[in-house]
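K.L.:
what follows is a protein structure lacking sequence information:
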């Protein structure tokens, strides 16, 4: 009986100690995650001082935490410290190669540095994470890098996935319409552009940009829809006379294309 009682006490003591340790670790991780969330929110507001304050606290808890390192990369980039920003992005990915948010941040950083091939590789890796919450944006970003690299067919494929995953948001529909025009796939271009126009008619906050007007003009010209072309061209001239797209339109009609 004494042996049984001692064994029971030992087992109970071990379980209590283990539970306590796990509880402390869980509390620390929760605190760390909250610091990173707060810092990210402050970064979005442009309040880098408050963001850094919370990230410093997070890194005191765990200097290798990938979320804190990735967010610190954003802070350094906003402060005009690209080398420190890249070092933090790389450390975040090194600590957890499956931390997709770090790859998205790093890809955006590389895009801003005009390192398109490196950006494409990061976005491509991020796009494989089927559980990532904002996967549609990842494919949109991947499409942008591929388009900048002249990989138009690949860009169209990425934009198409973005359209599917976002259920047809305006920027993805426009990008896919534009690239389809560039690749000569006017049927696809017209179909997705029609979806864009329908979306704009349902949402009054969505208005034409110079890019959307020029894309519509090029589609209308291909199908010899003179009324549609004239309507869009008038809007482009009246609303955006100084835009690059209006200059491109003038070249378009002067060449008879």
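P.N.:
Looks like it arrived, so ask away. Keep in mind that what you see is a predicted model, and the values were worked out from it rather than measured. Residues are numbered from 1 along each chain as shown.
K.L.:
now residue 31: which helix or strand?
P.N.:
Element membership for residue 31, per DSSP states H and E: helix 2-45.
K.L.:
that helix: what's the following helix or strand?
P.N.:
Toward the C-terminus from helix 2-45 - assigned by DSSP H and E - lies helix 48-61.
K.L.:
output the contacting helices and strands for that next one.
P.N.:
Using 3 or more C-beta pairs under 8 Å, 6 or more residues apart in numbering; DSSP states H and E, the elements in contact with helix 48-61 are helix 2-45, helix 66-78. Bear in mind the C-beta positions are built from the backbone N, C-alpha and C, glycine included.
K.L.:
got the contact list for that helix?
P.N.:
28, 31-32, 35-36, 38-40, 42-43, 65, 67-69, 71-72, 75, 78-79 (C-beta atoms under 8 Å, 6 or more residues apart in numbering).
K.L.:
report the inter-axis angle for that helix versus helix 66-78.
P.N.:
Orientation check (axes from the mean of the first three to the mean of the last three C-alpha atoms, to 10 degrees): helix 48-61 against helix 66-78 gives 150 degrees.
K.L.:
what mean pLDDT does helix 48-61 have?
P.N.:
The average pLDDT within helix 48-61 is 96.
K.L.:
and that helix, what's buried?
P.N.:
48, 51, 52, 54, 55, 57, 58, 59 (16 or more other C-beta atoms under 10 Å).
K.L.:
contacting residues for the closest residue in space to the fifth one that isn't next to it in sequence?
P.N.:
Meaning residue 55. Excluding the flanking residues, the one nearest residue 55 by C-beta to C-beta, 6 or more residues apart in numbering is residue 39, at 4.6 Å. Residue 39 makes contact with 50, 51, 52, 53, 54, 55, 58, 68, 71, 75 under the criterion C-beta under 8 Å, 6+ apart.
K.L.:
which one of the residues you listed is nearest to residue 142?
P.N.:
residue 71 (22.2 Å; C-beta to C-beta).
K.L.:
quick check: that closest one touching residue 40?
P.N.:
Yes: using C-beta atoms under 8 Å, residue 71 is in contact with residue 40, at 5.5 Å.
K.L.:
of those two, who's got more company?
P.N.:
Comparing residue 71 with residue 40 by other C-beta atoms under 10 Å, the one with more neighbours is residue 71, at 30 against 17.
K.L.:
pull out the buried members of the contacts of helix 48-61.
P.N.:
The buried subset of those (16+ other C-beta under 10 Å) comprises 32, 35-36, 38-40, 42-43, 65, 67-69, 71-72, 75.
K.L.:
so which of those comes closest to residue 169?
P.N.:
Once C-beta to C-beta is applied, the member of the buried ones among the contacts of helix 48-61 that ends up nearest residue 169 is residue 40, at 22.1 Å.
K.L.:
tell me the contacts of that closest one?
P.N.:
51, 71, 74.
K.L.:
how about the last one, nearest residue that isn't a chain neighbour?
P.N.:
Taking C-beta to C-beta, 6+ apart as the measure, residue 74 lies nearest to residue 43, with 5.2 Å between them; neighbours along the chain are not counted.
K.L.:
closest to residue 130 among the buried residues of helix 48-61?
P.N.:
Of the buried residues of helix 48-61, the one sitting nearest to residue 130 (C-beta to C-beta) turns out to be residue 58, at 27.6 Å.
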